[in-house]
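In: 3D, please:
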Amino acid sequence: MKNNKKFNLSFFYNSLENLWPPYKKTILLLFDIGIIFFVTTFIFLIEKGNINSSSNQQISLIAFLTIFISSTLGVYVISGQYRGLSLYVGSINLYQSLFRNTLAIILTTTTFGILGIDLPSLRVNFLILIFVTFIGSFIKVLIRDLFLFFKHSNKKNKKRIRVAIYGAGDAGIQLSASLKFSSEYFLVCFFDDNENLWGRNIRGIPIHKPSTLEAKDLKIDYVLLSIPSLSSSERLKIIKSIRNYNCPVLEVPSLEEIASGKAKIDNLKPISIEDILGRETVLPDLNLLGPGITSGLVLVTGAGGSIGSELCRQILSLEPELLVLLDFNEHALYEIRKELINSKFYKNNVASILGDFASEEVLTQLFLKYKIDIIFHAAAYKHVPLVEENPLQGIYNNSIGTYNFCKSIVKKSFEGTFVLISTDKAVRPTNIMGASKRLSELIVQSFAYDISSFFKIKKSKFPKFSMVRFGNVLNSSGSVVPLFEEQIKSGGPITLTHNDVTRYFMTIPEAAQLVIQASVLTECGDVFLLDMGEPIKIKELAIKMIKLAGLKVKNKKNKSGDIEIKTVGLRKGEKLYEELLIDGKSSNTIHPLIYRAKEKSISPNQLWPKIELLEKTIKNSNLDETLKLIKIILPECNFIELN
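Out: Here you go, the predicted model:
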């Protein structure tokens with residue numbers, strides 16, 4: 001029977017790879033002996049002529065070979081020559097071999113002198129040193145390249161991802177060196193903006209100008225952006241240019257991540273949506289990071305949520321004496337607790353409390369145990385459609401819960417800073433969630449303005465209540481970004497409520513950092529607004545995310561596209577655009593992205609009776625009466641129609 005089995009080049013690689021390590025070392029040792037023997041004999045032949053004509057020359061050659069081989073192998077073994085991996089031979093091995101061989105020559109000539117044998121000439125020693133070093137190094141590099149070739153041929157049935165590196169600088173060269181040993185990626189070429197580099201190559205890999213990305217013969221699957229020192233605006237410019245060719249982009253970590261050891265140069269990651277929105281972040285004011293937190297006791301409610309968890313991360317980095325996590329969701333609390341305990345900033349200064357922030361029993365135990373200095377109240381129901389379907393629960397948690405929480409902490413003699421995390425949906429609300437958050441703002445303002453008279457407490461120091469209002473944060477649980485990502489992964493379509501819907505966007509870390517800084521600016525009943533930059537059309541965001549994934553929008557003009565965008569109509573209570581100011585008045589603070597708003601409030605004497613009545617109607621599950629009360633308190637709620 002005819003044998004159709006093809007000869008596999010990787011057979012040698014597999015055989016050598018599976019050898020017992022001492023066998024591998026023995027093979028390398030025999031290589032070195034062979035190199036020394038043939039090089040030394042060859043040089044003696046050239047230098048001395050026919051060695052058969054003189055027994056003294058034969059003795060000299062045999063003696064030199066014996067002593068030099070013994071000296072060389074002794075130096076190699078002692079210095080760890082055979083502990084290195086052949087697959088990772090580099091230029092350092094050449095320098096090490098030169099040093100080792102020099103040492104072996106010195107030992108050999110010294111031994112010759114001691115034994116009284118005629119010393120080989122300096123020229124012979126020099127030639128032997130150079131030839132043994134460079135021929136040996138060349139053979140080891142050849143072995144390395146053969147190993148790499150066999151290794152990759154062993155993976156030939158696995159399709160390798162064809163990539164190009166954008167950036168032929170130091171980071172790009174380091175990345176290319178890492179990819180050399182990868183069985184997953186195949187490096188096709190470099191791209192760079194520097195025209196002086198075009199047409200040249202790095203280790204045989206050509207450098208092209210960026211416009212050649214459209215060349216079909218390159219067949220690039222991914223572009224690896226490898227310029228970690230880029231500013232946000234420069235990165236955005238490059239990403240936009242690459243995106244025009246519908247090619248997905250991965251990037252190397254930032255210089256800070258590499259320097260801190262958080263990531264390596266080849267820890268490739270997708271370009272984040274933050275990079276393509278073009279929002280320039282402002283460095284924090286160091287005078288506003290730390291006061292009240294460093295060496296203080298900090299409580300975060302909703303600690304497992306999107307904003308709450310990021311607040312916890314950043315607060316822990318500011319070295320509080322204790323960070324207290326409060327959340328009703330067991331899994332969310334467990335996850336953030338686990339993350340913080342594994343953080344490099346953890347110093348046995350995290351406490352976890354599983355419970356409801358509005359529970360009198362939970363707060364009693366909490367304030368008996370800890371003397372809290374600052375509270376960040378991030379706990380809230382924030383998903384508009386869910387709260388719209390469960391209005392009583394949403395209003396009770398967000399509004400009544402905040403009322404009971406504030407009332408309890410004042411009774412517990414809390415004298416620190418209280419910061420409510422609010423939302424732009426509280427401004428002229430068009431849905432239940434927005435109305436519940438506007439109510440919580442009014443409640444906090446009323447506590448700030450008249451605590452002493454309401455509780456009839458005579459004391460010099462009272463809590464400082466404030467709130468921070470901002471728009472959407474990217475990748476939070478309520479953001480459209482995770483939804484769009486899921487829809488793109490599943491092949492679409494992306495569902496858009498309206499073509500003209502616009503929203504403000506900010507990253508979660510930036511929002512949390514600004515909230516912490518705003519807490520230091522708190523005086524009495526402040527409403528802080530965060531500068532969210534320019535609003536973005538959600539449709540444009542969807543298009544950018546499709547292109548970022550290396551796909552094309554499918555529409556009437558491009559029926560062969562990948563992802564369709566479907567308009568499904570505005571949801572109940574959804575606005576076309578959001579706003580941050582109610583009365584249109586705000587003033588600057590010492591931070592360029594934090595503003596202080598001057599807004600109307602309701603006196604406690606007017607508000608508290610209505611809030612207490614509101615609590616009763618909710619407990620009685622009377623939705624009509626609940627909505628009537630909200631309409632009375634918030635007449636701007638036009639979405640609530642009274643019978």
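
In: Domain ranges for this structure, per the record?
Out: Domain assignment of the chain by automatic domain parsing yields the ranges 10-153, 161-271, 286-575+587-633.

In: Of the ones you listed, give the one that comes closest to Phe639.
Out: Evaluated over these, closeness to Phe639 peaks at domain 286-575+587-633, with 5.1 Å, by C-beta to C-beta. C-beta: built from backbone N, CA, C; applies to glycine.

In: start to end distance for the closest one?
Out: Using C-alpha to C-alpha, to the nearest Å, the span of domain 286-575+587-633 from its first residue to its last is 40 Å.

In: ok, what's across the strand from Phe528?
Out: Val468, Arg596 (DSSP bridges).

In: Now do it: how many residues are near it, please.
Out: As a burial measure, the neighbour count of Phe528 was computed by other C-beta atoms under 10 Å and equals 25.

In: got a pLDDT number for it?
Out: At Phe528 the predicted local distance difference test score is 90.

In: do Glu17 as well
Out: The confidence metric pLDDT takes the value 57 at Glu17.

In: quick one on the thing from earlier: highest mean neighbour count out of the domains of the chain?
Out: Ranked by mean neighbour count, the domains of the chain are led by domain 286-575+587-633 with a mean of 19 (mean count of other C-beta atoms under 10 Å).

In: Excluding chain neighbours, what is closest to Gln314?
Out: With C-beta to C-beta, 6 or more residues apart in numbering as the criterion, Gln314 has its nearest non-adjacent residue at 5.3 Å, and that residue is Ala512.

In: which residues sit in contact with the one you found?
Out: With contacts taken as C-beta atoms under 8 Å, 6 or more residues apart in numbering, Ala512 has the following neighbours: 307, 310-311, 313-314.

In: Report the helix or strand with the lowest average pLDDT across the protein.
Out: Between all helices and strands in the chain, the lowest mean by mean pLDDT, DSSP states H and E belongs to helix 255-260, at a mean of 50.

In: starting at the chain centroid, how far to stretch 598-606?
Out: Relative to its chain's centre, stretch 598-606 lies at 43 Å (C-alpha atoms, centre = their mean, to the nearest Å).

In: for stretch 324-338, same thing?
Out: The chain centroid and the centroid of stretch 324-338 are separated by 22 Å, computed with C-alpha atoms, centre = their mean.

In: Any stretches of the stretch 451-600 of the chain with poor pLDDT?
Out: Under the criterion of pLDDT under 70, the regions of the stretch 451-600 of the chain flagged as low confidence span 451-461, 475-478, 573, 579-584.

In: all strands in it, in order from the N-terminus.
Out: 464-470, 472-474, 494-496, 502-503, 505-507, 526-530, 536-537, 553-554, 563-567, 586-588, 594-597 (DSSP state E, counting those that start in this stretch).

In: Over to the stretch 251-400 of the chain?
Out: Per DSSP E, counting those that start in this stretch, the stretch 251-400 of the chain has strands spanning 269-270, 297-301, 322-327, 350-354, 374-377. These are given in chain order.

In: looking at those, which one has the lowest mean pLDDT?
Out: strand 269-270 (a mean of 64).

In: Can you show me the helices along the stretch 351-500 of the chain?
Out: Listed in chain order, the helices of the stretch 351-500 of the chain (DSSP state H, counting those that start in this stretch) span residues 360-369, 384-389, 391-395, 401-411, 432-455, 480-489.

In: Does Ser226 touch Tyr166 like I think?
Out: Yes. Using C-beta atoms under 8 Å, Ser226 is in contact with Tyr166, at 6.4 Å.

In: which residues are in contact with both of these two?
Out: Counting by C-beta under 8 Å, 6+ apart, the residues touching both Ser226 and Tyr166 are Gly172.
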